[in-house]
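Asker: Take a look and give me a structure for this.
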Amino acid sequence: MKRLVISILCLASLTSVAQNPAPAKQQDHVIALMGGTAHLGNGQVIQNAIVLFDKGVITNVVDGTLVKLNLANGTEVIDVSGKHIYPGLISPASTVGLEEIEAVRATVDKQEVGVLNPNVRALIAYNTDSEIIPTIRNNGVLLTQAMPQGGAISGSSSVMMTDGWNWEDAVLKKDDGLWLNWPGYYASDFDLENFTRVVKKNDKRDEAISALRATFGDAKAYAAVSNPSPMNLRLEAMKGLFTGTQNLYVRADYAKDIVEAVQWAKAMGVAKVVIVGGEESHRVASFLKENNVPVILGALHRLPNREDEAVDLPYRLPGILQKAGVLVGLSYADEWWRTRNLAFQAGTAAGFGVADREEALKMITANNAKILGIDGLVGTLEKGKHATLFVSSGDALDMRTNVVEHVFMQGRKVNLDDRHKRLYRMYKEKYTK
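Answerer: Numbering: from 1, shown residues only. The predicted structure is shown next:
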């Protein structure tokens with residue numbers, strides 16, 4: 001019996017090593033990060049910074065060479081001299097937590113059947129046990145927007161923290177916006193035989209727009225009723241579009257589609273429109289600026305989609321939009337498996353036209369926070385905001401030096417172990433024997 005118990009305990013210990021670390025415990029004492037270079041996320045940098053936080057909230061961010069603070073008894077002081085402090089990076093338009101292994105259907109929960117699904121919520125499908133989440137967290141991505149896919153109206157997204165026991169623990173903002181796949185003039189498919197994109201005319205476009213017009217018309221009328229009875233769950237989910245409490249995220253890439261989608265949404269009474277994708281947004285940058293429409297760009301590390309475009313156009317796109325006065329955020333959109341590299345997209349943008357590295361950093365911190373409507377809570381290192389931040393030994397936008405050493409989520413000190421690190425340790429041991 002003794003041997004059996006020992007064997008079971010050994011197996012249990014082996015199993016536990018292969019699991020994600022447990023979510024962090026609540027902050028129960030003051031923490032001070034001393035001596036690091038603080039990149040505030042709003043374009044400002046403080047050398048020799050002191051960042052204080054307590055009960056999950058930042059209480060002070062000061063220059064240690066100009067201000068002397070008297071730290072309270074029991075304060076945990078962490079010396080981060082020579083290192084860099086950043087606000088948590090924000091990944092919008094993501095299926096992290098909704099998709100684990102693309103080829104295994106049982107691990108994919110990012111869309112529902114049907115075409116018009118405004119009542120579908122990505123929130124309740126968010127899987128905090130995903131092994132992908134710790135890998136993006138350990139590159140500084142501390143917040144992700146879980147977005148639904150499929151159909152014409154996909155459903156609503158929510159902003160999630162990358163630490164928590166379940167979706168109730170992890171959610172930062174519920175149902176921040178509704179997702180619309182705009183039926184453009186052209187549709188593109190990927191031809192696996194010759195590995196190219198095939199663009200063809202969208203023959204079902206008029207029919208799709210008519211269905212959307214009817215749905216949005218009903219939703220606007222429904223939103224005007226103070227206490228509708230009986231309650232319509234599909235239309236109830238769209239009320240925030242007309243009151244300004246929710247964004248309408250429109251997936252559109254072609255310039256003509258972007259203009260038409262924005263004009264259509266405004267005509268239907270939608271208060272806030274955000275373009276997602278926007279591969280040709282540079283062609284209509286002045287229009288986007290005039291209509292105060294932000295853009296969440298997809299992957300920059302790709303080739304242009306037109307043969308006659310400059311090969312580095314995707315790299316320069318954030319800079320072009322920024323100079324035009326458009327609010328720009330960066331994402332990996334449908335390429336969820338590359339989300340951990342979000343910071344390096346900002347680094348690329350900094351080298352191809354964005355004013356400087358701090359402005360590029362804003363595109364994955366303050367800008368994304370403003371677009372998602374969470375800028376009052378996160379996105380910058382400021383007094384009163386959540387202590388959701390990380391410390392890197394080097395420049396977080398450079399893949400050669402981005403080594404995350406500390407992560408705090410609402411002040412909670414997060415364990416930095418993940419599957420990638422476990423595999424590294426395992427094979428390092430194998431080949432160093």
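Asker: For the residue nearest to the spatial centre of the chain, list each beta-bridge partner.
Answerer: Centroid-nearest residue in the chain, with CA atoms, centre = their mean: residue 91, separated by 1.6 Å. Per DSSP bridges, the residues bridged to residue 91 are residue 144.
Asker: Now do it, the pLDDT please.
Answerer: Listed pLDDT for residue 91 reads 97.
Asker: Residue 146 is in contact with that one, correct?
Answerer: No: counting by CB atoms under 8 Å, residue 91 stays clear of residue 146, with 9.9 Å between them. Where you see a C-beta, it was placed from the backbone N, CA and C, and this is true even at glycine.
Asker: ok so, going back, OK, contacts around the residue nearest to the centre of the chain?
Answerer: By CB atoms under 8 Å, 6 or more residues apart in numbering, the residues touching residue 91 are 136, 141, 143-145, 331-332, 339, 342, 364, 368.
Asker: In this structure, what residue spans correspond to helices?
Answerer: Ranges of helices in the chain, per DSSP state H, are 2-17, 132-137, 167-170, 205-223, 233-236, 239-243, 255-267, 285-290, 313-323, 342-351, 357-362, 366-372, 419-431.
Asker: May I see those arranged in a markdown table, with distance to residue 84 as well?
Answerer: As requested, those are exported to a markdown table (distance: least, CB to CB, whole Å):
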| stretch | distance to residue 84 |
| --- | --- |
| helix 2-17 | 31 |
| helix 132-137 | 17 |
| helix 167-170 | 26 |
| helix 205-223 | 45 |
| helix 233-236 | 45 |
| helix 239-243 | 37 |
| helix 255-267 | 36 |
| helix 285-290 | 32 |
| helix 313-323 | 21 |
| helix 342-351 | 11 |
| helix 357-362 | 11 |
| helix 366-372 | 17 |
| helix 419-431 | 21 |
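Asker: With residue 274 as the reference, name the closest of those helices.
Answerer: helix 366-372 (5.9 Å; CB to CB).
Asker: could you say what helices and strands that closest one packs with?
Answerer: If you count contacts as 3 or more CB pairs under 8 Å, 6 or more residues apart in numbering; DSSP states H and E, helix 366-372 packs onto strand 89-94, strand 171-181, strand 328-330.
Asker: Any idea which of those gets closest to residue 379?
Answerer: From those, taking CB to CB, the stretch that ends up closest is strand 89-94, at 6.7 Å.
Asker: okay, the angle between that closest one and strand 171-181?
Answerer: Angle, strand 89-94 to strand 171-181, by axes from the mean of the first three to the mean of the last three CA atoms, to 10 degrees: 40 degrees.
Asker: Centre of the chain to strand 89-94, how far?
Answerer: On the basis of CA atoms, centre = their mean, to the nearest Å, strand 89-94 sits 1 Å off its chain's mean C-alpha point.
Asker: Show me what counts as buried in it.
Answerer: 89-94 (16 or more other CB atoms under 10 Å).
Asker: one step back: okay, the helices of the chain in CSV with distance to residue 100, mean pLDDT and mean neighbour count next?
Answerer: Shown next, in CSV, are those (distance: least, CB to CB, whole Å; pLDDT from 0 to 100; neighbours: other CB atoms under 10 Å):
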stretch, distance to residue 100, mean pLDDT, mean neighbour count
helix 2-17, 18, 50, 9
helix 132-137, 7, 94, 24
helix 167-170, 15, 96, 17
helix 205-223, 31, 94, 16
helix 233-236, 28, 94, 15
helix 239-243, 30, 96, 19
helix 255-267, 31, 96, 18
helix 285-290, 35, 98, 16
helix 313-323, 28, 96, 21
helix 342-351, 19, 96, 22
helix 357-362, 29, 97, 24
helix 366-372, 24, 98, 26
helix 419-431, 11, 89, 11
